[in-house]
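let me see the structure of the following:
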Amino acid sequence: MLKNQQDWPEPVVRVQSLSETCIDSIPQNYIKPSSHRPSISPTSFDDANCNIPIIDLGGLWGADQHVTASILTQISEACKDWGFFQITNHGVSPDLMDKARETWRQFFHLPMDVKQQYANSPKTYEGYGSRLGVEKGAILDWSDYYYLHYLPLSLKDHNKWPSLPPSCREVIEEYGRELVKLCRRLLRLFSINLGLDEKSLENGFGGEDIGACLRVNFYPSCPRPDLTLGLSSHSDPGGMTMLLPDDQVPGLQVRKCHDWITVKPQRHAFIVNIGDQIQVLSNAMYKSVEHRVIVNSDKERVSLAFFYNPKSDIPIEPIKELVTEDMPALYPPMTFDEYRLFIRTRGPRGKSQVESLKSPT
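Numbers count the residues shown, from 1 in each chain. Alright, predicted model coming up:
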(Lines give C-alpha, C1' and ligand atoms only; values in the text may rest on other atoms or scores of the structure.)
Protein backbone atom coordinates (compact mmCIF):
# COMPACT_ATOMS: atom_id res chain seq x y z
CA MET A 1 0.00 0.00 0.00
CA LEU A 2 1.12 3.54 -0.72
CA LYS A 3 1.31 5.67 2.40
CA ASN A 4 4.04 8.19 1.66
CA GLN A 5 2.88 11.69 0.75
CA GLN A 6 6.08 13.51 1.71
CA ASP A 7 6.95 14.39 -1.90
CA TRP A 8 3.83 16.48 -2.52
CA PRO A 9 4.67 20.21 -2.33
CA GLU A 10 1.89 20.90 0.20
CA PRO A 11 -0.21 18.74 2.55
CA VAL A 12 -2.82 16.79 0.62
CA VAL A 13 -6.44 17.76 1.28
CA ARG A 14 -9.21 15.42 0.14
CA VAL A 15 -11.77 17.29 -1.94
CA GLN A 16 -14.50 14.98 -0.68
CA SER A 17 -13.82 16.32 2.82
CA LEU A 18 -13.95 19.91 1.56
CA SER A 19 -17.28 19.18 -0.10
CA GLU A 20 -18.69 18.06 3.23
CA THR A 21 -17.54 21.19 5.08
CA CYS A 22 -17.75 24.01 2.52
CA ILE A 23 -21.23 25.55 2.57
CA ASP A 24 -21.19 28.52 0.19
CA SER A 25 -17.54 29.05 -0.72
CA ILE A 26 -14.42 27.09 -1.73
CA PRO A 27 -10.76 27.56 -0.76
CA GLN A 28 -8.80 30.07 -2.82
CA ASN A 29 -6.45 27.44 -4.24
CA TYR A 30 -9.35 25.82 -6.13
CA ILE A 31 -10.58 29.03 -7.77
CA LYS A 32 -9.55 29.15 -11.43
CA PRO A 33 -8.48 32.32 -13.22
CA SER A 34 -11.52 33.99 -14.78
CA SER A 35 -10.47 32.96 -18.32
CA HIS A 36 -10.42 29.28 -17.28
CA ARG A 37 -13.71 29.17 -15.42
CA PRO A 38 -16.55 27.16 -16.96
CA SER A 39 -19.50 28.73 -18.70
CA ILE A 40 -22.35 26.46 -17.73
CA SER A 41 -25.49 26.77 -19.83
CA PRO A 42 -28.54 25.06 -18.29
CA THR A 43 -29.82 24.18 -21.78
CA SER A 44 -26.61 22.67 -23.14
CA PHE A 45 -27.32 19.25 -21.63
CA ASP A 46 -30.60 18.94 -23.55
CA ASP A 47 -29.47 20.03 -27.01
CA ALA A 48 -29.55 16.79 -29.02
CA ASN A 49 -27.67 18.44 -31.88
CA CYS A 50 -24.81 19.51 -29.65
CA ASN A 51 -22.99 16.30 -28.81
CA ILE A 52 -20.02 14.23 -29.90
CA PRO A 53 -20.73 11.53 -32.53
CA ILE A 54 -22.52 8.38 -31.35
CA ILE A 55 -21.52 5.24 -33.28
CA ASP A 56 -23.33 1.90 -33.08
CA LEU A 57 -20.78 -0.89 -33.48
CA GLY A 58 -23.45 -3.59 -33.56
CA GLY A 59 -22.99 -4.60 -37.20
CA LEU A 60 -19.25 -4.09 -37.38
CA TRP A 61 -18.18 -7.71 -37.26
CA GLY A 62 -21.10 -9.07 -39.27
CA ALA A 63 -21.28 -10.24 -42.88
CA ASP A 64 -22.78 -7.06 -44.35
CA GLN A 65 -19.86 -5.19 -45.94
CA HIS A 66 -21.94 -2.04 -46.50
CA VAL A 67 -22.67 -1.80 -42.77
CA THR A 68 -19.01 -2.38 -41.93
CA ALA A 69 -17.92 0.30 -44.41
CA SER A 70 -20.44 2.77 -42.98
CA ILE A 71 -19.22 2.21 -39.41
CA LEU A 72 -15.58 2.56 -40.47
CA THR A 73 -16.42 5.85 -42.18
CA GLN A 74 -18.18 7.15 -39.08
CA ILE A 75 -15.17 6.26 -36.94
CA SER A 76 -12.75 7.87 -39.41
CA GLU A 77 -14.74 11.11 -39.53
CA ALA A 78 -15.06 11.20 -35.73
CA CYS A 79 -11.30 10.71 -35.27
CA LYS A 80 -10.48 13.48 -37.74
CA ASP A 81 -13.21 15.98 -36.89
CA TRP A 82 -13.70 15.48 -33.17
CA GLY A 83 -11.06 13.23 -31.59
CA PHE A 84 -13.98 12.00 -29.45
CA PHE A 85 -16.96 9.72 -30.03
CA GLN A 86 -19.33 7.46 -28.11
CA ILE A 87 -19.75 3.78 -28.95
CA THR A 88 -22.77 1.57 -28.28
CA ASN A 89 -23.17 -2.20 -28.82
CA HIS A 90 -19.45 -2.53 -28.18
CA GLY A 91 -19.52 -6.04 -26.68
CA VAL A 92 -18.87 -5.19 -23.02
CA SER A 93 -21.63 -6.35 -20.68
CA PRO A 94 -23.86 -3.51 -19.39
CA ASP A 95 -24.01 -5.34 -16.05
CA LEU A 96 -20.21 -5.24 -15.79
CA MET A 97 -20.17 -1.53 -16.64
CA ASP A 98 -22.73 -0.77 -13.93
CA LYS A 99 -20.95 -2.99 -11.43
CA ALA A 100 -17.59 -1.34 -12.08
CA ARG A 101 -18.91 2.18 -11.61
CA GLU A 102 -20.94 1.38 -8.49
CA THR A 103 -18.10 -0.62 -6.90
CA TRP A 104 -15.87 2.44 -7.15
CA ARG A 105 -18.61 4.72 -5.87
CA GLN A 106 -18.76 2.50 -2.79
CA PHE A 107 -14.98 2.79 -2.38
CA PHE A 108 -15.09 6.58 -2.30
CA HIS A 109 -17.75 6.43 0.39
CA LEU A 110 -15.65 4.25 2.67
CA PRO A 111 -14.28 5.81 5.88
CA MET A 112 -11.34 8.14 5.22
CA ASP A 113 -8.90 6.08 7.29
CA VAL A 114 -9.56 3.07 5.02
CA LYS A 115 -8.94 5.07 1.83
CA GLN A 116 -5.86 6.75 3.29
CA GLN A 117 -4.12 3.38 3.44
CA TYR A 118 -3.81 3.67 -0.33
CA ALA A 119 -2.64 7.31 -0.47
CA ASN A 120 -0.38 7.93 -3.45
CA SER A 121 2.80 9.88 -4.10
CA PRO A 122 4.16 11.72 -7.17
CA LYS A 123 6.63 8.89 -7.82
CA THR A 124 4.08 6.63 -9.52
CA TYR A 125 0.70 8.25 -8.85
CA GLU A 126 -0.64 4.77 -8.14
CA GLY A 127 -3.24 4.81 -5.39
CA TYR A 128 -5.68 7.29 -3.86
CA GLY A 129 -4.94 10.88 -4.86
CA SER A 130 -6.25 14.43 -4.96
CA ARG A 131 -3.87 16.41 -7.16
CA LEU A 132 -1.79 16.26 -10.34
CA GLY A 133 1.58 17.88 -10.85
CA VAL A 134 4.09 18.90 -8.21
CA GLU A 135 4.10 22.65 -8.74
CA LYS A 136 3.96 24.42 -5.39
CA GLY A 137 1.03 26.83 -5.07
CA ALA A 138 -0.77 25.43 -8.14
CA ILE A 139 -4.50 26.01 -8.57
CA LEU A 140 -6.01 22.60 -7.89
CA ASP A 141 -8.93 20.69 -9.38
CA TRP A 142 -12.13 19.82 -7.51
CA SER A 143 -11.71 16.03 -7.58
CA ASP A 144 -10.23 12.97 -5.92
CA TYR A 145 -9.14 9.90 -7.86
CA TYR A 146 -7.71 6.40 -7.73
CA TYR A 147 -5.02 5.40 -10.21
CA LEU A 148 -3.77 1.87 -10.79
CA HIS A 149 -1.75 -0.16 -13.29
CA TYR A 150 -3.36 -3.03 -15.22
CA LEU A 151 -0.63 -3.79 -17.77
CA PRO A 152 2.17 -4.69 -18.20
CA LEU A 153 2.02 -7.58 -15.74
CA SER A 154 5.31 -6.45 -14.19
CA LEU A 155 3.51 -3.34 -12.85
CA LYS A 156 0.24 -5.00 -11.87
CA ASP A 157 0.09 -5.39 -8.10
CA HIS A 158 -3.24 -6.42 -6.58
CA ASN A 159 -2.02 -5.26 -3.18
CA LYS A 160 -2.14 -1.70 -4.51
CA TRP A 161 -5.77 -2.17 -5.54
CA PRO A 162 -8.48 -1.58 -2.92
CA SER A 163 -9.50 -4.66 -0.96
CA LEU A 164 -12.86 -3.03 -0.17
CA PRO A 165 -15.59 -3.33 -1.28
CA PRO A 166 -14.93 -7.11 -1.17
CA SER A 167 -15.56 -7.61 -4.90
CA CYS A 168 -13.42 -4.64 -5.98
CA ARG A 169 -10.30 -6.48 -7.17
CA GLU A 170 -12.32 -9.13 -8.99
CA VAL A 171 -14.39 -6.47 -10.77
CA ILE A 172 -11.28 -4.48 -11.77
CA GLU A 173 -9.67 -7.61 -13.21
CA GLU A 174 -12.69 -8.53 -15.32
CA TYR A 175 -13.32 -4.94 -16.42
CA GLY A 176 -9.68 -4.49 -17.47
CA ARG A 177 -9.68 -7.72 -19.44
CA GLU A 178 -12.76 -6.67 -21.44
CA LEU A 179 -11.47 -3.14 -22.06
CA VAL A 180 -8.12 -4.39 -23.38
CA LYS A 181 -9.95 -6.56 -25.93
CA LEU A 182 -12.14 -3.64 -27.01
CA CYS A 183 -9.20 -1.23 -27.31
CA ARG A 184 -7.29 -3.70 -29.49
CA ARG A 185 -10.25 -3.98 -31.84
CA LEU A 186 -10.56 -0.21 -32.13
CA LEU A 187 -6.84 0.24 -32.70
CA ARG A 188 -7.07 -2.10 -35.69
CA LEU A 189 -9.98 -0.12 -37.09
CA PHE A 190 -7.97 3.09 -36.73
CA SER A 191 -5.11 1.49 -38.68
CA ILE A 192 -7.44 0.40 -41.50
CA ASN A 193 -8.91 3.90 -41.71
CA LEU A 194 -5.40 5.38 -41.98
CA GLY A 195 -4.72 3.16 -44.97
CA LEU A 196 -2.32 0.96 -43.04
CA ASP A 197 -2.06 -2.73 -42.27
CA GLU A 198 -4.54 -3.46 -39.47
CA LYS A 199 -1.72 -4.17 -37.01
CA SER A 200 0.32 -1.04 -37.76
CA LEU A 201 -0.79 1.03 -34.77
CA GLU A 202 -0.66 -2.02 -32.53
CA ASN A 203 2.94 -2.63 -33.63
CA GLY A 204 3.68 1.06 -33.10
CA PHE A 205 2.43 0.63 -29.53
CA GLY A 206 4.88 -2.25 -29.02
CA GLY A 207 2.79 -5.20 -30.12
CA GLU A 208 1.24 -7.29 -27.35
CA ASP A 209 3.45 -5.71 -24.69
CA ILE A 210 1.39 -2.55 -24.17
CA GLY A 211 0.55 -0.53 -21.10
CA ALA A 212 -2.90 -0.07 -19.58
CA CYS A 213 -4.05 1.74 -16.46
CA LEU A 214 -7.23 2.91 -14.82
CA ARG A 215 -8.00 6.28 -13.29
CA VAL A 216 -11.26 6.44 -11.39
CA ASN A 217 -12.44 10.03 -10.95
CA PHE A 218 -14.60 11.14 -8.05
CA TYR A 219 -16.07 14.63 -8.37
CA PRO A 220 -17.82 15.67 -5.15
CA SER A 221 -20.58 18.25 -5.21
CA CYS A 222 -19.26 21.82 -5.11
CA PRO A 223 -20.96 24.93 -3.69
CA ARG A 224 -19.34 27.14 -6.37
CA PRO A 225 -19.10 25.16 -9.62
CA ASP A 226 -18.82 28.44 -11.52
CA LEU A 227 -15.37 29.10 -10.01
CA THR A 228 -13.57 25.79 -10.41
CA LEU A 229 -13.17 22.68 -12.54
CA GLY A 230 -13.24 18.98 -11.71
CA LEU A 231 -10.37 18.46 -14.13
CA SER A 232 -8.50 21.23 -15.93
CA SER A 233 -8.25 21.43 -19.69
CA HIS A 234 -5.85 18.85 -21.15
CA SER A 235 -5.37 16.28 -23.86
CA ASP A 236 -4.71 12.71 -22.76
CA PRO A 237 -0.99 11.88 -22.89
CA GLY A 238 -1.42 8.18 -23.73
CA GLY A 239 -2.65 6.28 -26.75
CA MET A 240 -6.42 5.93 -26.43
CA THR A 241 -8.85 6.48 -23.57
CA MET A 242 -12.02 4.49 -22.94
CA LEU A 243 -14.21 6.50 -20.56
CA LEU A 244 -17.14 5.06 -18.66
CA PRO A 245 -18.97 8.25 -17.66
CA ASP A 246 -21.55 8.91 -15.01
CA ASP A 247 -24.57 8.70 -17.29
CA GLN A 248 -26.80 10.46 -14.74
CA VAL A 249 -24.68 13.59 -14.20
CA PRO A 250 -23.02 15.17 -17.28
CA GLY A 251 -19.67 16.83 -16.71
CA LEU A 252 -17.24 16.15 -19.56
CA GLN A 253 -16.69 19.07 -21.91
CA VAL A 254 -14.85 18.76 -25.23
CA ARG A 255 -13.35 21.70 -27.10
CA LYS A 256 -14.71 22.06 -30.62
CA CYS A 257 -13.10 25.00 -32.40
CA HIS A 258 -13.53 27.78 -29.84
CA ASP A 259 -16.52 26.29 -28.01
CA TRP A 260 -16.85 23.88 -25.11
CA ILE A 261 -19.39 21.14 -25.85
CA THR A 262 -20.93 19.42 -22.83
CA VAL A 263 -21.13 15.72 -23.65
CA LYS A 264 -24.48 14.07 -23.06
CA PRO A 265 -23.59 10.46 -22.14
CA GLN A 266 -25.56 7.62 -23.65
CA ARG A 267 -26.50 4.86 -21.25
CA HIS A 268 -24.07 1.93 -21.39
CA ALA A 269 -21.92 3.67 -23.99
CA PHE A 270 -18.19 4.26 -23.76
CA ILE A 271 -16.67 7.60 -24.68
CA VAL A 272 -13.54 7.04 -26.79
CA ASN A 273 -10.90 9.66 -27.33
CA ILE A 274 -7.63 9.91 -29.19
CA GLY A 275 -4.53 10.45 -27.03
CA ASP A 276 -1.30 12.30 -27.77
CA GLN A 277 0.57 9.11 -28.72
CA ILE A 278 -1.86 8.30 -31.56
CA GLN A 279 -1.53 11.91 -32.71
CA VAL A 280 2.24 11.35 -32.93
CA LEU A 281 2.01 7.90 -34.56
CA SER A 282 -0.52 9.14 -37.14
CA ASN A 283 1.63 12.21 -37.87
CA ALA A 284 -1.32 14.38 -36.73
CA MET A 285 -3.84 12.83 -39.14
CA TYR A 286 -5.71 12.01 -35.95
CA LYS A 287 -5.49 14.61 -33.21
CA SER A 288 -5.94 14.45 -29.48
CA VAL A 289 -8.42 17.06 -28.30
CA GLU A 290 -8.62 19.33 -25.30
CA HIS A 291 -11.25 18.41 -22.77
CA ARG A 292 -12.13 19.27 -19.18
CA VAL A 293 -14.67 18.42 -16.50
CA ILE A 294 -17.17 20.70 -14.83
CA VAL A 295 -18.66 19.95 -11.41
CA ASN A 296 -22.17 20.05 -10.02
CA SER A 297 -23.56 22.09 -7.15
CA ASP A 298 -25.53 19.25 -5.55
CA LYS A 299 -24.56 15.96 -7.22
CA GLU A 300 -21.39 13.90 -7.13
CA ARG A 301 -20.00 12.17 -10.23
CA VAL A 302 -17.98 8.98 -10.73
CA SER A 303 -16.25 8.13 -14.01
CA LEU A 304 -13.71 5.46 -15.03
CA ALA A 305 -10.98 6.38 -17.52
CA PHE A 306 -9.16 3.35 -18.93
CA PHE A 307 -5.94 4.33 -20.67
CA TYR A 308 -4.56 2.09 -23.41
CA ASN A 309 -0.94 3.11 -23.92
CA PRO A 310 2.21 2.23 -25.86
CA LYS A 311 4.99 0.19 -24.29
CA SER A 312 6.69 2.69 -22.04
CA ASP A 313 10.31 2.41 -23.18
CA ILE A 314 10.15 2.31 -26.99
CA PRO A 315 10.50 5.48 -29.12
CA ILE A 316 7.16 6.75 -30.39
CA GLU A 317 7.33 8.60 -33.70
CA PRO A 318 5.22 8.96 -36.86
CA ILE A 319 4.65 5.67 -38.70
CA LYS A 320 6.89 5.70 -41.76
CA GLU A 321 4.05 5.04 -44.23
CA LEU A 322 2.43 8.30 -43.09
CA VAL A 323 5.57 10.37 -43.64
CA THR A 324 5.93 11.85 -47.12
CA GLU A 325 7.75 14.70 -48.81
CA ASP A 326 4.57 16.77 -48.57
CA MET A 327 3.95 15.68 -44.98
CA PRO A 328 7.29 15.25 -43.18
CA ALA A 329 7.47 13.80 -39.69
CA LEU A 330 6.07 16.38 -37.28
CA TYR A 331 7.45 14.83 -34.08
CA PRO A 332 10.86 13.57 -32.94
CA PRO A 333 11.07 10.14 -31.27
CA MET A 334 10.24 10.12 -27.56
CA THR A 335 9.38 7.22 -25.27
CA PHE A 336 6.06 7.26 -23.44
CA ASP A 337 7.98 7.18 -20.14
CA GLU A 338 9.79 10.37 -21.12
CA TYR A 339 6.58 12.04 -22.23
CA ARG A 340 4.69 10.98 -19.11
CA LEU A 341 7.40 12.45 -16.87
CA PHE A 342 7.24 15.65 -18.91
CA ILE A 343 3.49 15.83 -18.26
CA ARG A 344 3.64 14.95 -14.56
CA THR A 345 6.03 17.75 -13.69
CA ARG A 346 3.75 20.34 -15.27
CA GLY A 347 0.20 19.09 -14.64
CA PRO A 348 -2.71 19.63 -17.11
CA ARG A 349 -1.97 22.39 -19.63
CA GLY A 350 -4.40 22.11 -22.51
CA LYS A 351 -2.82 21.02 -25.78
CA SER A 352 0.47 22.82 -25.15
CA GLN A 353 2.23 19.62 -24.07
CA VAL A 354 2.11 17.67 -27.33
CA GLU A 355 2.26 20.79 -29.51
CA SER A 356 5.54 21.80 -27.88
CA LEU A 357 7.12 18.57 -29.17
CA LYS A 358 6.64 19.42 -32.85
CA SER A 359 9.80 19.50 -34.90
CA PRO A 360 10.71 22.98 -36.17
CA THR A 361 9.85 23.48 -39.82
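
which strands or helices does the lengthiest helix in the chain pack on?
Longest helix of the chain, by residue count under DSSP state H: helix 168-193. Other helices and strands packing on helix 168-193, by 3 or more CB pairs under 8 Å, 6 or more residues apart in numbering; DSSP states H and E, are helix 65-81, helix 94-108, strand 144-151, helix 200-205, strand 211-219, strand 240-244, strand 301-309. From N, CA and C alone the C-beta is placed, and that goes for glycine too.

out of those, which gets nearest to residue 176?
strand 144-151 (4.3 Å; CB to CB).

that closest one pairs with which strands?
According to DSSP bridges, strand 144-151 has the following sheet partners: strand 127-129 (antiparallel), strand 211-219 (antiparallel).

turn those into TSV, including mean neighbour count, mean pLDDT and distance to residue 235.
Shown next, in TSV, are these (neighbours: other CB atoms under 10 Å; pLDDT from 0 to 100; distance: least, CB to CB, whole Å):
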stretch	mean neighbour count	mean pLDDT	distance to residue 235
strand 127-129	24	97	20
strand 211-219	23	97	15
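
picking that back up, the longest helix of the chain: how far from the chain's middle?
14 Å (CA atoms, centre = their mean, to the nearest Å).

stretch 26-37 too?
Between the centre of stretch 26-37 and the centre of its chain there are 22 Å (CA atoms, centre = their mean).

now do that stretch, average pLDDT.
Here stretch 26-37 scores 95 as its mean pLDDT.

cool, and stretch 152-167?
For stretch 152-167, mean pLDDT is 95.

for that stretch, which residues meet the burial criterion?
For stretch 152-167, the neighbour count (16 or more other CB atoms under 10 Å) marks 155, 156, 160, 161, 162, 165 as buried.

with stretch 190-209 instead?
For stretch 190-209, by 16+ other CB under 10 Å, it's 190, 191, 193, 194, 196, 200, 201, 202, 204, 205, 206.

and for stretch 27-36?
Buried, per 16+ other CB under 10 Å, within stretch 27-36: 30, 31, 32.

with stretch 116-135 instead?
Buried residues in stretch 116-135 (16+ other CB under 10 Å): 118-122, 125-134.

before we move on, what about stretch 332-341?
Per 16+ other CB under 10 Å, stretch 332-341 contains these buried residues: 336, 339, 340.

that one: how far from the chain's middle?
Between the centre of stretch 332-341 and the centre of its chain there are 18 Å (CA atoms, centre = their mean).

just to revisit the earlier point, closest one to residue 276 out of the buried residues of stretch 116-135, please.
The closest of those to residue 276 turns out to be residue 132 (CB to CB; 15.5 Å).

ranges for the helices of the stretch 251-361 of the chain?
Along the stretch 251-361 of the chain, counting by DSSP state H, counting those that start in this stretch, helices occupy 276-281, 336-346, 352-355.

which of the buried residues of stretch 116-135 lies closest to residue 51?
Checking those against residue 51 by CB to CB gives residue 132 as the nearest, at 27.3 Å.

doesn't residue 144 make contact with that closest one?
No. The pair residue 132 / residue 144 is not scored as a contact, 11.5 Å apart, by CB atoms under 8 Å.

relative to its centre, which residue of this protein is most distant?
Ranked by distance from the centre of the chain (CA atoms, centre = their mean), the top residue is residue 325, with 33.8 Å.

distance check, that one against residue 204.
Separation of residue 325 from residue 204 (CB to CB, to the nearest Å): 21 Å.

before we move on, back to that, residue 101: which of the buried residues of stretch 116-135 is nearest?
Nearest to residue 101 among those: residue 128, at 17.3 Å, using CB to CB.

ok, that closest one - contacts?
Counting by CB atoms under 8 Å, 6 or more residues apart in numbering, residue 128 touches 2, 115, 116, 118, 119, 120, 144, 145, 146.
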